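>>> return atomic coordinates for the entry below.
(one chain, ligands or ions: 1)
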Amino acid sequence: MIIQGTLVSSSGTFKSQIRVDGNFIVDVGTNLGQADITFSDDCLIFAGMGDIHIHARDDVSESQTYKEDFCTAGAAAINGGVVHVADMPNNPVPPITDESYLEKARHLEKRNPPIHFTLYAGIGPGTRPLTFAVPYKAYMGPSVGDLFFKTLEQLDETLSHYRGCNVSFHCEDPILLEEHADAATHEAKRPTECEISATRFALQMIEKYDLKGKLCHYSVGEGLPLIREARSRGVKVTCEVTPHHLYFDQSDLTDENRGKMQMNPPLRTISDRQAMLAALREGTLDYLATDHAPHTLEENEQGISGQPHLDTFGAFVTWLILDQKFTPEQAALFCSENPGDFVNPYISPKKFGKIEPGYTASLTVLNLKQPVTIKREDLKTKCGWSPFEGITFPGSVEAVFIEGRQVR
Ligand SMILES: O=C1C[C@@H](C(=O)O)NC(=O)N1
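Predicted coordinates:
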C-alpha cells in the first residue's frame with residue numbers, strides 16, 4: 001500500500017509517499033508509484049501518536065471495568081488518533097508490583113484491544129524490580145488507589161534496589177499533603193509546594209540511583225527551573241504534561257463543575273498554565289500524556305479525581321497547533337517521537353514514533369481545516385463523558401492507521 005500526503009516529523013514537513021508492507025513502513029520517498037490513498041493539503045500525516053500515561057482500569061479482577069477496559073480505552077484512543085498507550089499499575093487491588101504483572105499481561109492479550117498497550121509496573125514500599133525490563137511508576141503520596149509512599153525516606157530505601165531502571169514519578173510530597181489535608185478546596189489540599197518539594201526529591205533520586213526518570217503530569221511553573229538545572233548537569237529526566245493542565249486553570253472552576261474538574265495534581269493558576277505551554281514549546285516538557293483517568297460522572301461528583309482524555313487527543317493537538325501556534329514539528333516531537341522513544345525499548349519488533357523504514361506502520365492524520373465540537377455521543381470511553389464537551393477544537397482526526405491497516 002502507498003499512502004501520500006504531507007508528512008510531519010520534528011525535523012520538517014514535506015510532501016511525500018509512504019510504502020507499507022504488512023505491519024511496517026518499508027520505504028518513504030516522492031516517487032514510489034501510484035498512491036492507494038491520498039490525503040489533501042488540509043491534512044498532516046504524523047507517525048502514530050502515543051499516550052504514555054493512561055488508566056485503562058482493566059485487570060484480572062475486572063473490579064473497575066464498569067468504567068473502562070482495554071478494548072474501550074483502545075477504541076477511545078483510535079477515536080482520538082492515538083495508536084499506542086502505556087497503562088498505569090495503581091488501580092488494581094492490590095496494585096501491579098510483582099508477578100501479577102504477567103497475569104495482567106495475559107489478561108491484556110486475551111482482551112486483544114485494537115491498539116498496542118505497554119504496561120507499567122508499580123513501585124511500592126518494599127517492592128523489588130521484576131526479572132524483565134519494564135517501565136516503573138512510583139507514587140509519592142496518595143492519589144487514586146493504594147500505591148504510594150507514606151514518607152520519602154521509605155521511597156529512597158526502595159529505589160536503592162531499582163538502580164538504572166526507567167522510573168516515572170507522581171510528584172506530590174506525602175508529608176506536605178498530610179499537612180494540608182484539612183484545607184477547604186481540592187487545590188488548597190494539594191498546593192504547588194507539594195509538587196515542588198516532590199520534584200526536588202525525585203530529581204535527587206534519579207541522580208542518586210542513575211535512573212531513567214520521568215516526572216508525570218507536570219503542572220507547576222516554579223518547578224521548571226529545577227528540571228532545567230538537573231538536565232544541564234546530565235540528570236536523565238523527561239516530563240509529561242496533560243491536556244487539562246494546558247487548557248484549564250483555577251479561573252475555570254465553578255461550584256457546578258468542581259467534580260468534573262478535580263484531578264491530582266489539581267488545576268493550577270493561569271500563570272502556571274502559561275508556563276506549561278511555554279515549557280512544552282521550548283522542550284522542557286517532552287510528552288503530551290493525558291493521565292486518561294475515566295470515572296463515572298457520579299464518582300467525580302462524589303470527590304474522586306481524574307478526567308478522561310483519550311477521545312479528544314488529536315483534536316486537542318490541533319488546538320495547540322492552530323490556536324496556540326505550536327509548529328506541527330513540535331507536535332510531532334511530543335506526540336509521536338518522544339512517546340515512541342519511551343516505549344520502544346520494551347516492544348520489539350514494534351517500533352513507534354517515526355515515519356521511516358523499519359518503523360511500525362501506524363499513522364495519525366489530522367485535518368487542520370475540519371473543526372470538531374466535542375459531543376458526548378461521539379465518545380468511545382466507557383465512562384461516557386469529557387471535560388471538553390461543548391468545546392469546539394479547530395481541527396480533527398481525519399484518519400488512523402494501526403500496524404498497516406486503516407481503522408478510521
Ligand atoms: O494520578 C492520578 C490517578 C488518576 C486515577 O484516577 O487513577 N486520577 C488522577 O487524578 N490522578
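>>> using PDB, list the CA coordinates for stretch 256-275.
In PDB, the C-alpha atoms belonging to stretch 256-275 read as follows (Å, rounded to 0.1, in the frame of the first residue of the first chain):
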ATOM      1  CA  GLU A 256     -21.100  23.400  39.400                       C
ATOM      2  CA  ASN A 257     -18.000  22.000  37.600                       C
ATOM      3  CA  ARG A 258     -15.700  21.200  40.600                       C
ATOM      4  CA  GLY A 259     -16.400  17.500  40.400                       C
ATOM      5  CA  LYS A 260     -15.500  17.200  36.800                       C
ATOM      6  CA  MET A 261     -12.500  19.400  37.200                       C
ATOM      7  CA  GLN A 262     -10.900  17.500  40.000                       C
ATOM      8  CA  MET A 263      -7.700  15.700  39.400                       C
ATOM      9  CA  ASN A 264      -4.300  15.000  41.000                       C
ATOM     10  CA  PRO A 265      -2.300  17.200  40.800                       C
ATOM     11  CA  PRO A 266      -5.100  19.800  40.700                       C
ATOM     12  CA  LEU A 267      -5.600  22.700  38.300                       C
ATOM     13  CA  ARG A 268      -3.200  25.500  39.000                       C
ATOM     14  CA  THR A 269      -3.100  29.200  38.300                       C
ATOM     15  CA  ILE A 270      -3.200  30.900  34.900                       C
ATOM     16  CA  SER A 271       0.500  31.700  35.100                       C
ATOM     17  CA  ASP A 272       1.300  28.000  35.800                       C
ATOM     18  CA  ARG A 273      -0.800  27.000  32.800                       C
ATOM     19  CA  GLN A 274       1.000  29.600  30.600                       C
ATOM     20  CA  ALA A 275       4.400  28.300  32.000                       C
END
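>>> what's the strand ranked longest in the chain packed up against?
Using DSSP state E to define each element, the chain has its longest strand at strand 12-21. On a contact count with 3 or more C-beta pairs under 8 Å, 6 or more residues apart in numbering; DSSP states H and E, strand 12-21 meets strand 2-9, strand 24-29, helix 328-331. Yep, even glycine has a C-beta here, placed from its N, CA and C like the rest.
>>> try it again with 10 Å
Judged by 3 or more C-beta pairs under 10 Å, 6 or more residues apart in numbering; DSSP states H and E, strand 12-21 is in contact with strand 2-9, strand 24-29, strand 37-38, strand 43-47, helix 328-331.
>>> and the longest one, how far out from the chain's middle?
How far strand 2-9 lies from its chain's middle: 24 Å, per C-alpha atoms, centre = their mean, to the nearest Å.
>>> buried ones in that strand?
Under the neighbour-count criterion of 16 or more other C-beta atoms under 10 Å, strand 2-9 has 3-9 buried.
>>> tell me what that strand is packed against?
So strand 2-9, by 3+ C-beta pairs under 10 Å, 6+ apart, packs with strand 12-21, strand 24-29, strand 37-38, strand 43-47, helix 328-331, strand 363-367, strand 396-402.
>>> kindly recompute the last result at 6 Å.
Judged by 3 or more C-beta pairs under 6 Å, 6 or more residues apart in numbering; DSSP states H and E, strand 2-9 is in contact with strand 12-21, strand 43-47.
>>> packed most tightly, which of the ones you listed would that be?
Stretch with highest mean neighbour count among the helices and strands packed on strand 2-9: strand 43-47 (a mean of 24; mean count of other C-beta atoms under 10 Å).
>>> and the direction of it versus that of strand 12-21, what angle?
In terms of direction (axes from the mean of the first three to the mean of the last three C-alpha atoms, to 10 degrees), strand 43-47 departs from strand 12-21 by 70 degrees.
>>> just the residues contacting strand 43-47, thanks.
Applying C-beta atoms under 6 Å, 6 or more residues apart in numbering, the external contacts of strand 43-47 come out as 5-8, 328, 332, 336, 353-355, 363-367, 398.
>>> pull up the pairing partners for it, direction included.
Under the criterion DSSP bridges, strand 43-47 sits next to strand 2-9 (parallel), strand 363-367 (antiparallel) in its sheet.
>>> can you give me the helices for the stretch 151-300 of the chain?
152-159, 174-179, 186-189, 192-208, 224-232, 243-247, 270-282, 297-301 (DSSP state H, counting those that start in this stretch).
>>> now the third one: mean pLDDT?
Rounded to a whole number, the mean pLDDT of helix 186-189 is 97.
>>> ditto for stretch 59-76
On average, stretch 59-76 scores 97.
>>> quick one: low-confidence ranges for the protein?
For the chain, no stretch has pLDDT under 70.
>>> show me which residues of it are close to the ligand?
Neighbours of the ligand within the chain, by C-beta under 6 Å from any ligand atom: 55, 91, 143-145, 170, 263-264, 291, 293, 305-306.
>>> now what about the longest strand of the chain, what contacts it?
Residues from elsewhere that reach strand 12-21, judged by C-beta under 6 Å, 6+ apart: 1-4, 6-7, 25-28, 30, 32, 328, 361, 404.
>>> if we take those, which one ends up nearest to the ligand?
Nearest to the ligand among these is Pro328, at 29.5 Å by C-beta to the nearest ligand atom.
>>> so for Ala184, which of the strands paired with strand 43-47 sits nearest?
Ala184 lies closest, by C-beta to C-beta, to one member of the strands paired with strand 43-47: strand 363-367, at 41.4 Å.
>>> Leu176 versus the closest residue to Gly306 other than its chain neighbours, what's the distance?
Excluding the flanking residues, the one nearest Gly306 by C-beta to C-beta, 6 or more residues apart in numbering is Ala293, at 2.6 Å. Remark: distance between Ala293 and Leu176 (C-beta to C-beta, to the nearest Å) = 22 Å.
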